[in-house]
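Undergrad: A structural model of the following input is requested.
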Amino acid sequence: MTDTETRTVRGGLAAKGRSKPPKVLRMSVELPLWRALTGYRILTLVYALCLVGLSYQKYEHPLGAAAYMGALTVWMVLTWRRTTSAERCTRHFLLADLGFAVGGILLTPLVDTHARIMDGAPTLPSIWTAGAVLGFAIKGGWRWAAVASSAVAVANLVERQELARDTIHNVVLVWVASVAIGYVVEVARASERTLARALQIEAATRERERLARDIHDSVLQVLAMVQRRGAAIGGEAAELGRMAGEQEVALRTLVAGGLVSPPRAAAATVPHPAGEGAADDAVAAAPAAPAPEPAADGPCDVRALLAPFAGAGVTFSEPGAPVELPAAAAAELAAAVSAALDNVRVHAGDGARAWILVEDEPRAVIVTVRDDGPGIPEGRLADAEREGRLGVALSIRGRLRDLGGAAEWVSVPGQGTEVELTVPKGTAPESGRRGKARA
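TA: Sure thing, here's the model as predicted:
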């Protein structure tokens with residue numbers, strides 16, 4: 001293995017070691033509901049205190065009404081934080097809270113006159129009772145809400161001692177509202193779990209693609225080179241090359257698992273002729289000369305990373321002023337250019353030339369890689385991806401997608417291939433923004 005190959009392998013492994021798995025955003029649809037419930041309980045307590053205060057002299061036993069309202073106020077002061085989150089709102093608290101509500105309803109006939117009750121006077125806790133029922137709905141869903149609202153309904157009927165229209169109306173309203181909210185909470189929880197699972201799968205897929213990209217840029221290229229050189233040398237080297245080819249196919253299959261359809265073994269082991277196209281990754285090329293390592297932080301001049309690619313068969317054109325991108329984004333862009341040049345070396349023929357053009361646009365950096373090879377047959381890129389050959393899918397298109405950019409291929413059979421790589425300014429691979437890659 002040459003020094004260039006060794007550096008390529010080590011560089012790929014080091015990149016994997018430095019990368020951090022993408023973070024999965026966690027969210028809660030319940031938190032706003034708990035906050036709203038806390039505010040509702042406080043406001044309805046104030047409302048109930050005002051009702052009792054305005055009708056204080058009309059109660060048959062005003063001191064009893066005042067004692068209950070005082071106890072309810074103390075209960076609220078001691079427990080108001082219980083309804084700020086699902087963890088704090090335990091079953092025991094909900095039962096005790098419902099007990100205060102039902103107890104206040106049943107206590108009303110003992111402190112108020114029968115005439116006022118028949119006229120539709122509110123119970124001692126009034127609409128504060130709904131807060132206790134809503135706590136069950138948010139905590140346990142519509143089934144808990146149905147049980148709690150049924151207990152409140154029975155207490156209201158006992159307090160009124162008849163099936164009055166306004167009592168039935170209030171009971172049905174509380175029951176329907178609480179059950180509906182409980183059902184909505186259950187649906188929201190199921191949606192949240194589904195979304196969290198989808199985000200985890202997406203994060204795992206993106207991490208797998210990143211690892212596959214690094215492996216393609218290092219190990220697979222070296223195995224392909226050993227296979228070709230071993231076959232050319234012959235003898236024991238041919239056997240070594242054959243073994244390297246088998247390992248390359250096995251590794252490609254492992255890398256492609258979960259990303260693309262399982263590769264066809266026969267297609268994976270037979271090299272394609274040079275005329276297949278400059279951007280087709282049917283067989284990995286020899287590793288390009290490594291670009292300079294960018295600084296860990298701060299902007300990086302893209303020109304400095306792409307200039308080492310210039311050579312006898314590659315012409316490099318750049319603006320006169322620095323073309324700056326975040327260091328990580330510039331490194332990924334340089335790796336995508338290197339992958340494009342690798343494909344030119346393998347598939348465009350020994351005498352093919354390549355041109356690299358860097359353009360500094362106001363909102364993006366555009367790098368164009370053009371060659372004068374035979375071009376790409378229609379559908380060849382899709383076939384290569386299905387066969388597990390991921391140079392275009394991951395090393396180029398995947399990198400640009402992670403940067404929020406795009407990769408476009410323009411190829412005319414017999415007239416060469418042009419790959420246009422666009423990276424928005426101010427982006428980095430860790431930003432998590434996705435751009436739709438256009439093929």
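Undergrad: check contacts around the nearest residue to Leu98 once chain neighbours are set aside.
TA: In space, Leu98 comes closest to Ala132 once its chain neighbours are excluded; the distance is 4.7 Å by Cβ to Cβ, 6 or more residues apart in numbering. C-beta coordinates here come from the backbone N, C-alpha and C atoms, glycine included. Applying Cβ atoms under 8 Å, 6 or more residues apart in numbering, we find Ala132 in contact with 94, 97-98, 100-101, 148, 152.
Undergrad: counting contacts, what elements does the helix or strand hosting Val176 pack onto?
TA: Assigned by DSSP states H and E, Val176 belongs to helix 165-215. Here helix 165-215 touches helix 3-18, helix 128-140, helix 142-160, helix 236-256, helix 397-402, going by 3 or more Cβ pairs under 8 Å, 6 or more residues apart in numbering; DSSP states H and E.
Undergrad: need the least confident one among those helices, by mean pLDDT.
TA: Ranked by mean pLDDT, those bottom out at helix 3-18, with a mean of 42.
Undergrad: Please pull up the helix or strand immediately following that helix.
TA: According to DSSP H and E, the helix or strand after helix 3-18 is helix 31-54.
Undergrad: quick one: contacts of stretch 351-370?
TA: So stretch 351-370 is contacted by 278, 302-303, 306, 309-310, 313-319, 321, 323, 325, 333, 337, 340-341, 344, 348, 371-373, 405, 416-425 (Cβ under 8 Å, 6+ apart).
Undergrad: Endpoints of that stretch, how far apart?
TA: For stretch 351-370, the first-to-last residue distance is 14 Å (Cα to Cα, to the nearest Å).
Undergrad: Gly241 reaches Arg229, doesn't it?
TA: Yes. Applying Cβ atoms under 8 Å, one finds Gly241 in contact with Arg229, separated by 6.7 Å.
Undergrad: And the residue nearest the centre of this protein?
TA: Leu199 (3.9 Å; Cα atoms, centre = their mean).
Undergrad: And it, what's its pLDDT?
TA: 82.
Undergrad: Now do it against Glu192, distance only.
TA: Going from Leu199 to Glu192 by Cβ to Cβ, to the nearest Å gives 10 Å.
Undergrad: Also Ile138?
TA: Ile138 is 14 Å from Glu192, where distance means Cβ to Cβ.
Undergrad: Tell me which stretches of the stretch 201-350 of the chain form helices.
TA: 221-233, 236-256, 265-269, 302-306, 327-347 (DSSP state H, counting those that start in this stretch).
Undergrad: Which ones among the contacts of stretch 351-370 lie within strands?
TA: 314-317, 325, 371, 417-424 (DSSP state E).
Undergrad: any idea which of those is closest to Cys89?
TA: Relative to Cys89, the closest of the ones in strands among the contacts of stretch 351-370 is Pro424; by Cβ to Cβ it sits at 44.8 Å.
Undergrad: my guess is that closest one contacts Gly404, does it?
TA: Yes. Between Pro424 and Gly404 there is a contact under Cβ under 8 Å: 5.2 Å.
Undergrad: Have a look at the two and say which one is more surrounded.
TA: Gly404 (21 against 18; other Cβ atoms under 10 Å).
Undergrad: Quick check: phi and psi at that one.
TA: phi 80, psi 10 (degrees, to the nearest 10).
Undergrad: Show the model's pLDDT score for Pro263.
TA: Predicted confidence (pLDDT) for Pro263: 36.
Undergrad: Also Ser338?
TA: On the pLDDT scale, Ser338 gets 86.
Undergrad: from the chain's centre, how far out does stretch 330-345 sit?
TA: 27 Å (Cα atoms, centre = their mean, to the nearest Å).
Undergrad: again but with stretch 112-122, I slipped
TA: 57 Å.
Undergrad: Give me the contact list for that stretch.
TA: 48, 51, 55, 58-60, 65, 108-109, 159-160, 164, 166.
Undergrad: mean confidence for that stretch?
TA: Rounded mean pLDDT across stretch 112-122 is 85.
Undergrad: ok so, going back, between Gly241 and Arg229, point out the one with more neighbours.
TA: Each of Gly241 and Arg229 has its neighbours counted (other Cβ under 10 Å); Gly241 has more, 22 against 15.
Undergrad: so who does the residue nearest to the more buried one when sequence neighbours are not counted touch?
TA: Nearest non-adjacent residue to Gly241, counting by Cβ to Cβ, 6+ apart: Gly230, 2.1 Å away. By Cβ under 8 Å, 6+ apart, Gly230 lies in contact with 237-242, 244.
Undergrad: Mind doing that once more with 6 Å?
TA: Shown in contact with Gly230 (Cβ atoms under 6 Å, 6 or more residues apart in numbering): 237-238, 240-241.
Undergrad: re earlier: quick check on the contacts of stretch 351-370: which are buried?
TA: Among these, the ones that count as buried by 16 or more other Cβ atoms under 10 Å are 278, 302-303, 306, 309-310, 313-314, 316, 318, 323, 325, 333, 337, 340-341, 344, 348, 371-373, 405, 416-425.
Undergrad: sorry, back to before: highest neighbour count among the contacts of Gly230?
TA: Most surrounded of the contacts of Gly230: other Cβ under 10 Å gives Gly241, at 22 neighbours.
Undergrad: remind me which residues of the chain are low pLDDT?
TA: 1-28, 164, 208, 210-218, 220-221, 248-249, 251-297, 377-395, 427-439 (pLDDT under 70).
Undergrad: Tell me, how many residues neighbour Leu163?
TA: Neighbours of Leu163 (other Cβ under 10 Å): 9.
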